[in-house]
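**Q** Need a 3D model of the sequence below.
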Amino acid sequence: MRRLISYPISPDMPGWPGNPTYSAAPFESMEQGMADNTYTVTLFNHFGTHFDAPRHFTADGPTISDLPFDTFFYSAPLLLDIPKGSREKVEPEDLIPFEEQIGRCDLLMIRTGYARVRREDPEEYSHNSPAVSSRAARYLRDRFTGTLKAVALDFLSLATPHDDSGDGVLAHQIMLGKFQPGYICIIEDVDMTRLPSKISAAAAVPLFLEGIDSGPVTMWAETEEQHGN
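**A** Take a look at the predicted model:
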């Protein structure tokens, strides 16, 4: 069965502190006597479940609409449970025990369990989410570029908002190909709470808006569970 693992977008959902979010305003309205309903939508492109394409941190990298369409579809996803709390980082030592499995996957899904904080305390989620260290980013980039299309995270961002060292920026730059050819894309703020450990396929499909670095996605995972389980 397919499970939706991107969050429905709403104005009050948590996002990166200080960034724009989402709004929708009626343009035409049947309540006002018009024949149909239409809306004008304003949506920040790094809000909710979204896909970081290389242009996000690499000046000449592909934009979201430049990426090959196959980039958004995964036939060999791997879900790893790596528990982390507020401001804790995923490090190479967390990943090395799974190196052989990562080498066979095209989407690495890291589930820290921090999504529960998104529900219980959205403000805490926005300000103090876990992160992926630049050391872990380099480990993934050096060993798995070419086979690993993307890394998906069940927390706000590859970086934590309270990082004065610049390590989160560096982690993005490494993953997205700023320093050498090739890249691994990043999917942030993914809902993995109800997923079983075995995923047979997944996809994360954006709106193909020309000229922008990244974009929100509708993401789903396919499991071997039957409907109603």
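**Q** isn't residue 62 right next to residue 52, touching?
**A** No. Using C-beta atoms under 8 Å, residue 62 is not in contact with residue 52, being 11.3 Å away. Quick note: C-beta positions are derived from backbone N, CA and C, even for glycine.
**Q** Compare those two (neighbour count), which wins?
**A** residue 52 (26 against 18; other C-beta atoms under 10 Å).
**Q** Please tell me the pLDDT value assigned to the residue of the chain positioned farthest from its centre.
**A** Centroid-distance maximum for the chain: residue 33 at 40.8 Å, with C-alpha atoms, centre = their mean. Reading off the confidence values, residue 33 has pLDDT 95.
**Q** phi, psi of it?
**A** Note on residue 33: backbone dihedrals following degrees, to the nearest 10 are phi 90, psi 10.
**Q** now do residue 115
**A** Torsion angles at residue 115 (phi, psi; degrees, to the nearest 10) stand at phi -60, psi -30.
**Q** And the helices in this structure?
**A** Per DSSP state H, the chain carries helices over the ranges 92-95, 99-102, 115-120, 122-128, 134-144, 167-175.
**Q** which other helices and strands contact the fourth one?
**A** Helices and strands touching helix 122-128, as assessed by 3 or more C-beta pairs under 8 Å, 6 or more residues apart in numbering; DSSP states H and E, comprise helix 115-120.
**Q** Going by neighbour count, list what's buried in the helix it packs on.
**A** Buried residues in helix 115-120, counted by 16 or more other C-beta atoms under 10 Å: 115, 117, 118.
**Q** From the chain's centroid, how far away is it?
**A** The chain centre lies 16 Å from the centre of helix 115-120; the measure is C-alpha atoms, centre = their mean, to the nearest Å.
**Q** Stretch 58-76 too?
**A** Using C-alpha atoms, centre = their mean, the offset of stretch 58-76 from its chain centre is 13 Å.
**Q** mind listing what's buried in it?
**A** Buried, per 16+ other C-beta under 10 Å, within stretch 58-76: 58, 61, 62, 63, 64, 67, 71, 72, 74, 76.
**Q** could those go into TSV alongside distance to residue 143?
**A** Shown next, in TSV, are the buried residues of stretch 58-76 (distance: C-beta to C-beta, whole Å):
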residue	distance to residue 143
58	20
61	20
62	22
63	26
64	25
67	22
71	19
72	23
74	18
76	16
